[in-house]
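Trainee: how does the following fold in three dimensions:
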Amino acid sequence: MTTTLDGFASLDSACAVGLIEAIQKYFDLMYDCDTSRFDQVFRSTVQLHGYREGQMVAWPAQVYRDILDKRQSPKSLNAARADEVLLIDFASTTQAFTKVRVRVNTMLFVDYLTWHRIGGTWLITSKGFHVESSTGEI
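Mentor: Numbers count the residues shown, from 1 in each chain. I've put the predicted structure just below:
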């Protein structure tokens, strides 16, 4: 089956399903902080950008992995889970962009994720994050 999304490149269903599965892996990682799966979600060259405490930060993969390692996971706190896909845009069968909302404990983030399909696997190559709420409320 071949699907065309908004006039973009023709995509087979495996390509689209693969991205949806990759997004779910991202949500799972944000919830359980199990960094043994970090390389299944993020490319080793990923860069993350966003504001923390009023300052723009830029983190390479290893710094972000360390942050997740030190974070008390929402799963361990039995925190409410809230994650949703707000937008998916395919540039081609090897590049996509997503906008997602994800709760991490009491913080609600809107993340802009750039994905590349490398060797058949969708990986995040860039993440821009925004703290939408620090109380978990929109």
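Trainee: all contacts plus neighbour counts: C-alpha atoms, from now on.
Mentor: OK.
Trainee: ok, G54 - how many residues close by?
Mentor: Per other CA atoms under 10 Å, the neighbour tally for G54 reads 7.
Trainee: one more: K70?
Mentor: By other CA under 10 Å, neighbour count at K70 equals 10.
Trainee: find the nearest non-adjacent residue to A58, please.
Mentor: Closest residue to A58 apart from its sequence neighbours, by CA to CA, 6 or more residues apart in numbering: H49 at 4.6 Å.
Trainee: do L19 as well
Mentor: Closest to L19 by CA to CA, 6+ apart is W122, at 6.1 Å.
Trainee: what's the answer for H116, then?
Mentor: Q95 (4.5 Å).
Trainee: how about the one you found, what does it touch?
Mentor: By CA atoms under 8 Å, 6 or more residues apart in numbering, the residues touching Q95 are T114, W115, H116, R117.
Trainee: what's the pLDDT at it?
Mentor: With respect to pLDDT, Q95 has a value of 96.
Trainee: if we can go back for a sec, ok, so of the contacts of Q95, who is nearest F42?
Mentor: Of all those, F42 sits closest to W115, with 8.9 Å by CA to CA.
Trainee: which element is the closest one on?
Mentor: Taking DSSP states H and E as the definition, one finds W115 inside strand 107-118.
Trainee: and if you look at A22?
Mentor: Assigned by DSSP H and E, A22 falls within helix 13-32.
Trainee: centre of the chain versus that helix, how much separation?
Mentor: Mean-position distance between helix 13-32 and its chain equals 8 Å (CA atoms, centre = their mean, to the nearest Å).
Trainee: where do the helices of the protein begin and end?
Mentor: 13-32, 61-70 (DSSP state H).
Trainee: now do the longest one against strand 107-118, angle only.
Mentor: With axes from the mean of the first three to the mean of the last three CA atoms, to 10 degrees applied, the angle from helix 13-32 to strand 107-118 works out at 140 degrees.
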